[in-house]
Every structure is written in structure tokens, then in C-alpha cells.
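any chance you could fold what I've pasted below:
(one chain, ligands or ions: 2)
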Amino acid sequence: MRHFLTLKDYTKEEILEIIKLAQNIKAETKRGEYVPYLEGQTLAMIFEKSSTRTRVSFEVGIYQLGGIGLFLSKNDIQLGRGEPMRDTARVISRMCDMVMIRTYAQSDLEEFAAYSKVPVINGLTDEYHPVQLMADYLTMVEYGKEKDPIVAYVGDGNNMAHSWLMLASKLGFELRVATPKGYEPKEEILEDAFEFAKQSGAKITLLNDPKEAVEDADVVTTDTWISMGQEDEKEKRVRDFKGFMVDNNLMSLAKDDALFLHCLPAYRGYEVSEEVFEAHEKEIFDEAENRLHAQKGVMVWLDKHRK
Ligand code: CP
Ligand code: NVA
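Residues are numbered from 1 along each chain as shown. Ligands and ions are numbered 1, 2, ... in the order given. Sure thing, here's the model as predicted:
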């Protein structure tokens, strides 16, 4: 049995297999064919943080695959009153066929997975957001950007930056990460990425200058400067990220047909300007829709790999 906790655990071939599955299921869905790959299965969805896309795409996704989703908000289950992850895992995994969790510490997710009898999916932690990256890569493929792309990530060295590092280093493309000083990705995640890059041929560059990162890029991407749980740091972060907004000046340095991707929610006037956001709304909302298709790919793949 496999879990989907971070792309670190996946090979290039497996990532591409999930993407292919997502593409096929998307094509079927577009034709109005809802193939019940997961007929009668129940997906538990535990949320310790807010969500629009992750919740809707998993809940609609499992329903369209012939199963049902259970939305379990932290405040409504005993987890919120201190029941340990390992006990919650042992209960839920005896009743449900798959579990998706959005939480804070990656170690809590790992603890849940260690005690679960069924596949567990990371729906975002402070460290990683791997299901988002599957949707982002699916979008790149659809826009013909999968052949040796240069991807520029501008902003916070957060869960999205970490996930891009895993994707690029596994698939072998060029990734430039530009953060303000002090907001670089975590050291141990960088070490892993550089190690994977040796095998895949990925080129990973860390910078503190967004212009240098975006120069000639095929894909420019960013994320909020204030992730969930960091609300108290807003004032300081807004100060520290000055000069890191993706605006027309910055975008003009990328290739003429460069994509701009954003996992959303977007904060206009902070990490992205209104103009850039609206000029690229087509691919941004294709990316958001692709959460549904990518999630289905992940769930069906995990189901196929049950022992
Ligand atoms: N991108 C993303 O995960 O969105 P939500 O927080 O709305 O789920
Ligand atoms: N980095 C953001 C991503 C939201 C989808 C957060 O963790 O809040």
C-alpha cells in the first residue's frame, strides 16, 4: 500500500503515470463519462485549516468516481479536543477506504499514515502541498510547457516552494527559486532536492533577486507571503517581501508566452499585481480546475496500488 505524503517518495515514472491517469480521467469526465473507478468507497477528509479548492475537488472527485467524501473539520471531531492522530487514524481507517488530511506539521500527517490501514493523501501541510503540484504540472503539460521548461518561483520558501523543488528535482527540469533573505526553503528539503537533481539532471538555483529568476522563464509562479498559521507575522512579512510582487515589469522579463501559475488564493497587490493576475486568468483557473482531475488521478492510482 502507498500513501501520497510528499513527492519525495515518488519516482519520475510514478509521477508521470499519475499525470497520465489524470489526463485520461479528465477526458472521460469532459465527455460526461463518470467511470466509477472507486465505486462504493469512502474518502475521509480531515481539515485542520481552511480550504476552498482542496475540499471541493476531493469531495466532487470522489463522488464522480462513484464514492463518497466525509468532510471532517478539526473543530467537529475529537482531534480538535486532543484525541491523538494515531488513535484517530486507527479508528477512521477501519471505516473508510482512503483519507486526505490538511494539517500543520508534516510529522502529524506521517504519524497518521503510520497508523492507517488505508492510503493517506497530503492535502497540504506546512512543509508540502503535493496534490497542488500534480495539478500545476498537468496544466503545464496542457499548455505544452513540459519539454525542458525553466520555472521561476518567486516569493516565500514555503510548502509550495518545497513542492516545486521536489517536482523539478524528480522530473529533471530547471527551477529557480527567488526568496527574500531569511525566507529560503528549508535546508533539509534543499539537500534532498539537490540529491535528486544529480540523478534527474534538474538545474536548481536559489536566488534573492526575482528578476534574475524570471529572466527567460517559461513558467512564473508565486504563492501568498502569509501562509495559513502565519497571520501574526503579516506586517513584518509584507515589509520583508517588498520587491517580490509579480507585476508587469517582472513578467516582461519572462518569455513572451510564459505561463503565470498561482495555487490560489491570491492576494492582489501583494505577491501578484491585479494586471498580471487578470492577464493570466485563463491558465490560473485551468490550474484550479485541474485540482479536480489531478486528485482523481492520485486517488485511482493509490487504489490500484493497494496490497
Ligand atoms: N490551492 C489550494 O490548496 O487552495 P485551498 O486552500 O482553497 O484548498
Ligand atoms: N502556502 C499557502 C498555500 C495555500 C494553498 C498556505 O499554506 O497557506
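
make it CA atoms for all contacts and neighbour counts henceforth
OK.

list the contacts of the one residue in the stretch 151-300 of the chain that gets nearest to ligand 1.
Of all residues in the stretch 151-300 of the chain, Cys263 sits closest to ligand 1, at 4.3 Å by C-alpha to the nearest ligand atom. Shown here is Cys263, whose contacts under the criterion C-alpha atoms under 8 Å, 6 or more residues apart in numbering are 132, 136, 222-223, 284, 287-288.

which one of those is nearest to ligand 2?
Out of the contacts of Cys263, the member with the shortest distance to ligand 2 (by C-alpha to the nearest ligand atom) is Asp223, at 6.1 Å.

among the contacts of Cys263, which lie within strands?
Secondary structure assignment by DSSP state E places Thr222 of the contacts of Cys263 in strands.

among the contacts of Cys263, which are within reach of ligand 2?
Cross-checking the contacts of Cys263 against ligand 2 (C-alpha under 6 Å from any ligand atom) gives no overlapping residues.

now neighbour count too, for the contacts of Cys263, in CSV please.
Output for the contacts of Cys263, formatted as CSV (neighbours: other C-alpha atoms under 10 Å):
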residue, neighbour count
Gln132, 27
Asp136, 25
Thr222, 25
Asp223, 25
Ile284, 21
Glu287, 27
Ala288, 22
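
how about the residues of the stretch 151-300 of the chain that lie near ligand 1?
Applying C-alpha under 6 Å from any ligand atom, we find that the stretch 151-300 of the chain lies next to ligand 1 at 263-264.

what's the burial count for the residue in the stretch 151-300 of the chain positioned nearest to ligand 2?
Scanning the stretch 151-300 of the chain for the residue nearest ligand 2 gives Ser227, at 3.4 Å (criterion: C-alpha to the nearest ligand atom). Neighbour count of Ser227, defined by other C-alpha atoms under 10 Å: 15.

and the one 4 residues further on, by the same measure?
The number of residues packed around Glu231, counting by other C-alpha under 10 Å, is 11.

helix, strand, or coil at Val99?
strand (DSSP: H, G, I helix; E, B strand; the rest coil).

which strand residues bridge it?
Bridge pairing for Val99 (DSSP bridges) gives the partners Ala44, Val120.

per-residue pLDDT of the most centrally placed residue in the chain, please?
Against the mean C-alpha coordinate of the chain, by C-alpha atoms, centre = their mean, the closest residue is Gln132 at 2.4 Å. The pLDDT attached to Gln132 in the predicted structure is 98.

verify the stated contact: it with Arg291.
Yes. Using C-alpha atoms under 8 Å, Gln132 is in contact with Arg291, at 6.6 Å.

please name the residues that touch the nearest residue to Asp216 once chain neighbours are set aside.
Closest residue in space to Asp216, ignoring its immediate chain neighbours: Ala254 at 4.3 Å, by C-alpha to C-alpha, 6 or more residues apart in numbering. Contacts for Ala254 were tallied using C-alpha under 8 Å, 6+ apart; they are 214-220.

so which residues of the protein form strands?
Under the criterion DSSP E, strands of the chain are mapped to 42-47, 68-73, 98-102, 120-122, 150-154, 174-178, 203-207, 219-222, 259-262.

name the residues that touch stretch 119-133?
Counting by C-alpha under 8 Å, 6+ apart, stretch 119-133 makes contact with 1-7, 54, 97-106, 109, 112-113, 158-160, 162-164, 167, 263, 291, 294-295, 298, 302-303, 306, all of which sit outside it.

distance between the ends of that stretch?
One end of stretch 119-133 to the other measures 19 Å (C-alpha to C-alpha, to the nearest Å).

state the mean pLDDT of the longest helix along the chain.
Across the chain, the longest stretch assigned as helix under DSSP state H is helix 281-304. Taken as a whole, helix 281-304 has an average pLDDT of 98.

just name the most buried of the strands of the chain.
Ranked by average neighbour count under the criterion mean count of other C-alpha atoms under 10 Å, these are headed by strand 150-154 at a mean of 27.

off-centre distance for that one?
The chain centroid and the centroid of strand 150-154 are separated by 15 Å under C-alpha atoms, centre = their mean, to the nearest Å.

tell me the bridge partners for the nearest residue to Ile62 once chain neighbours are set aside.
Closest residue in space to Ile62, ignoring its immediate chain neighbours: Ile68 at 5.7 Å, by C-alpha to C-alpha, 6+ apart. Ile68 has the following beta-bridge partners by DSSP bridges: Thr42.

Ile68 reaches Pro36, doesn't it?
No. Ile68 is beyond contact range of Pro36, at 11.3 Å (criterion: C-alpha under 8 Å).

residues near Glu271, how many?
For Glu271, the number of neighbouring residues by other C-alpha under 10 Å comes to 26.

got the phi and psi for it?
Torsion angles at Glu271 (phi, psi; degrees, to the nearest 10) stand at phi -80, psi -20.

need the contact list for it.
The contact partners of Glu271, by C-alpha under 8 Å, 6+ apart, come to 155, 222-225, 244-246.
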